[in-house]
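> need the 3D shape of this:
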Amino acid sequence: MEISKALRQRIEAAVAEALAEDIGSGDVSAELIPPAAQGRGTVISRQTGVFCGRPWVEEVARQMNHAFELDWQVEDGADLKAGQTLFEGHGQARALLTAERTILNFVQLLSGTATRTQRFVKLLEGTGCQLLDTRKTLPGLRLAQKYAVRCGGGANHRLGLHDAYLIKENHIAAAGSIRAAVTQARQGPPGLMVEVEVESLSELAEAIAAGADTIMLDNFSIAETRLAVAATRGRARLEASGGVDESHIRAIAETGVDCISVGALTKDVSPLDLSMRFSQ
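Residues are numbered from 1 along each chain as shown. Now for the predicted structure:
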């Protein structure tokens, strides 16, 4: 999976902060071990899932001054089985034990995000509908979780407030109308997608008439979504959103919408159960 320059910078910063908050003034427990002692830490998965987090592990090793080396058994995006070995670290025992929790925290969270995403993606198979994430991410880990979504087979919505217009209810109220907001957006930086969130079929008609590129159907019922697809007739890309879960995401996709955004991919994620086994 490609790592952008921006993501690389965030990885370096996130790892530095995570190590600093864990180590503090020093790892007093690790200091019980002789400095020259060597060891091996084997990280295994206790659950099935999707692996994600290799760049974060490698950055931990780098910031620990390469006191241990890594042997990899999986790549990001790989399917995992319970009991499977993911990677091993071998080298200074102190460094391995100091790095253990930081490594697991990143990999468990990101693998959990990728695993949850894959479950949703599989529910959409054969529909032609794309699964999108949202900005409902953990503060400071936006790019990390969006990377994990891609590892799970999903796609990214906008990264932030800067790379696309999303005209929501309050923007419409402040601008005066959907048309006024879209018109103003068209006068802004060229090339940015203009998306409008609508809450009714009448607002959908306004957004189509205003020339929105994408229209987000906010909390539409299945029946309303079908009517929206029929009314739009391909004149704008349709995104379904709001309260989407595994119980009805396929029914939404089968209405013919182009994409579905799901905040739960990153907001309600459960970390994958991983552990490190240490040996000398």
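
> low-confidence ranges, the stretch 51-200 of the chain, go.
Applying pLDDT under 70 to the predicted model, the stretch 51-200 of the chain contains no residue that meets it.

> any idea which helix is longest in this protein?
With DSSP state H setting the assignment, residue counts place helix 93-123 as the longest helix in the chain.

> which parts of it are buried?
Of all the residues in helix 93-123, those buried under the rule 16 or more other C-beta atoms under 10 Å are 93-100, 102-118, 120-121, 123. C-beta: built from backbone N, CA, C; applies to glycine.

> what distance do you get for Glu31 to Ala93?
11 Å (C-beta to C-beta, to the nearest Å).

> what about the closest residue to Gln280 other than its chain neighbours, is that helix, strand or coil?
Beyond its immediate neighbours in the sequence, the residue positioned closest to Gln280 (C-beta to C-beta, 6 or more residues apart in numbering) is Gly39, lying 5.3 Å away. When states are read from DSSP: H, G, I helix; E, B strand; the rest coil, the local structure at Gly39 comes out as strand.

> Gly39 and Glu21, how far apart?
As it turns out, when the distance is counted by C-beta to C-beta, Gly39 lies 24 Å from Glu21.

> neighbour count winner among those two?
Between Gly39 and Glu21, counting by other C-beta atoms under 10 Å, Gly39 is the more crowded of the two (18 against 9).

> may I see the buried residues of stretch 172-190?
By neighbour count, and taking 16+ other C-beta under 10 Å as the criterion, the buried residues in stretch 172-190 are 172, 175, 178-179, 181-182, 185.

> quote the end-to-end distance of it.
This stretch, stretch 172-190, spans 21 Å end to end (C-alpha to C-alpha, to the nearest Å).

> again with stretch 196-214
End residues of stretch 196-214 are separated by 7 Å (C-alpha to C-alpha).

> cool, stretch 155-169 as well?
Between the opening and closing residues of stretch 155-169 lies a distance of 25 Å (C-alpha to C-alpha).

> what about that stretch, distance to the chain center?
If you compare the mean C-alpha spot of stretch 155-169 with that of the full chain, they lie 15 Å apart, counting by C-alpha atoms, centre = their mean, to the nearest Å.

> quick one: the strands in the stretch 101-250 of the chain?
For the stretch 101-250 of the chain, the strands identified by DSSP state E, counting those that start in this stretch occupy 130-132, 165-167, 194-198, 214-218, 237-241, in order along the chain.

> show me how far stretch 195-207 is from its chain's centre.
Going by C-alpha atoms, centre = their mean, where stretch 195-207 is centred and where its chain is centred differ by 27 Å.

> show me which positions of that stretch end up buried.
Taking 16+ other C-beta under 10 Å as the neighbour-count basis, stretch 195-207 is seen to contain the buried residues 195-199, 203-204, 206-207.
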